[in-house]
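> heads up, no residue letters with this:
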Ligand code: OGA
Ligand code: FE2
């Protein structure tokens, strides 16, 4: 039995894809190009067409959903009432029952010894616990920055704290909670060698003014993780996501965790990316041995607003559809302000989305590779974050769709999962 479900995804031809229910509808309705390239699947990407374009999609039998394009670079869509009020309330309730905390990503036990042994010994458990003054196994982002600036003379001479913070926040802080777990802390040497080295090659020099770049306060939000069987018992939300994205159901079903986040007044996330740039290191979700330099590979973010925020708490995309954006210029041109600071510069963003209970925001963190049709480079324009909550509280949930840029590894991942599920079923 299970072999057939494995072969569906492995040997999918264009024809097979076209006859897959979800994708057939997708072809008909969504003006997207699925399939091709031999017998390999191609990642669907909803065509934004143009800003203001509105589609009516039947994501559930008999229920039409409005999908509105609000940016083309990256493609960003708003889907009002994607979740019902009851679904929003239930997710908040489940998160509260579970308890919100600063969550860790991976248990320390799974760190690959070799990669840690080779690393700069400064970034070890001992330093971590020394810096962790309150002993909660998390390092405040600001403390890490200070320690790093002190330890890394070469970096401190050339880069502002804001610039280093940028690298830390997009490449080290895997879950973007602005705290580092020990595992995240141990990623620093690997990340440093890839990204800071690239940076050094740009021959940036720090100017007086850049040195004065201000950092916003790093207030945290609370978060917890839920799994599909907890919050989506009848799989109706999952099915809507399958229809909306046009992705193979196995990909959606394997991305089955929901991150629920709560912000209080003053809470925010500065601008960041939800995914990591392609590099030699392996994607975390397909790897069986977790190492400190695993990447997070998130093709799509679907963010749900679970309540209406009294004031503030927008989601900002500072460089969406910016014609002249380059990361280097962006950092360098803003000498007196920290452009990543969404506590103070929310409204400077090109796109600002107001929170609205039940609405989903969907965007693509990666391009589709033009050659392979599979996961391509990260979309640099997908930079985003959450603005300061001014009044009231803000609840959101993140549903991240994980895709490995290595096609074979992604297929192997599904094959293993399907085998595992079949074994579990057989054992019942
Ligand atoms: C995130 C995020 C934006 C928001 O949680 O990764 O970008 O509006 N949140 O809260
Ligand atoms: Fe994010």
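Nice, I can see it. Please read these numbers as outputs of a predicted model, since none were measured by experiment. Numbering: from 1, shown residues only. Ligands and ions are numbered 1, 2, ... in the order given.

> tell me, how many residues neighbour residue 380?
Using other Cβ atoms under 10 Å, the number of residues around residue 380 comes to 17. Every residue, glycine included, has its C-beta placed from N, CA and C.

> er, residue 409 I mean
Residue 409 - counted by other Cβ under 10 Å - has 15 other residues nearby.

> need the pLDDT of it.
Among the per-residue scores, residue 409 holds a pLDDT of 95.

> the spatially closest residue to it that is not a sequence neighbour in helix, strand or coil?
In this structure, residue 409 finds its nearest non-sequential neighbour in residue 286, 4.7 Å apart by Cβ to Cβ, 6 or more residues apart in numbering. With DSSP: H, G, I helix; E, B strand; the rest coil as the basis, residue 286 sits in coil.

> ok, residue 286 - contacts?
Taking Cβ atoms under 8 Å, 6 or more residues apart in numbering as the criterion, residue 286 is in contact with 297, 404, 406, 409-410, 412-413.

> and of these, the nearest to ligand 1?
Distance to ligand 1 across these (Cβ to the nearest ligand atom) is lowest for residue 297, with 15.0 Å.

> find me the pLDDT at residue 108, would you?
27.

> what about residue 150, neighbour count?
By the criterion of other Cβ under 10 Å, residue 150 has 9 neighbours.

> right, I mislabeled it, should have said residue 235
Residue 235 has 15 nearby residues by other Cβ under 10 Å.

> what's it sitting at in phi/psi?
Main-chain torsions, residue 235, degrees, to the nearest 10: phi 60, psi 20.

> so residue 76 makes contact with residue 351?
Yes - in this structure, residue 76 is within contact of residue 351 by Cβ atoms under 8 Å, at 6.8 Å.

> shared neighbours, the two?
70, 317, 320.

> hang on, the earlier thing: now, of the contacts of residue 286, which are buried?
Buried members of these, scored by 16 or more other Cβ atoms under 10 Å, are 297, 404, 406, 410, 413.

> which residues are in contact with the first one?
The neighbourhood of residue 297, defined by Cβ under 8 Å, 6+ apart, consists of 275-276, 283-286, 375, 402-405.

> which non-adjacent residue is nearest it?
Excluding the flanking residues, the one nearest residue 297 by Cβ to Cβ, 6+ apart is residue 283, at 3.8 Å.

> before we move on, what about the last one?
Taking Cβ to Cβ, 6+ apart, and ignoring the residues beside it in sequence, residue 413 has residue 286 as its nearest neighbour in space, at 4.3 Å.

> how near is the one you found to ligand 1?
Going from residue 286 to ligand 1 by Cβ to the nearest ligand atom, to the nearest Å gives 21 Å.
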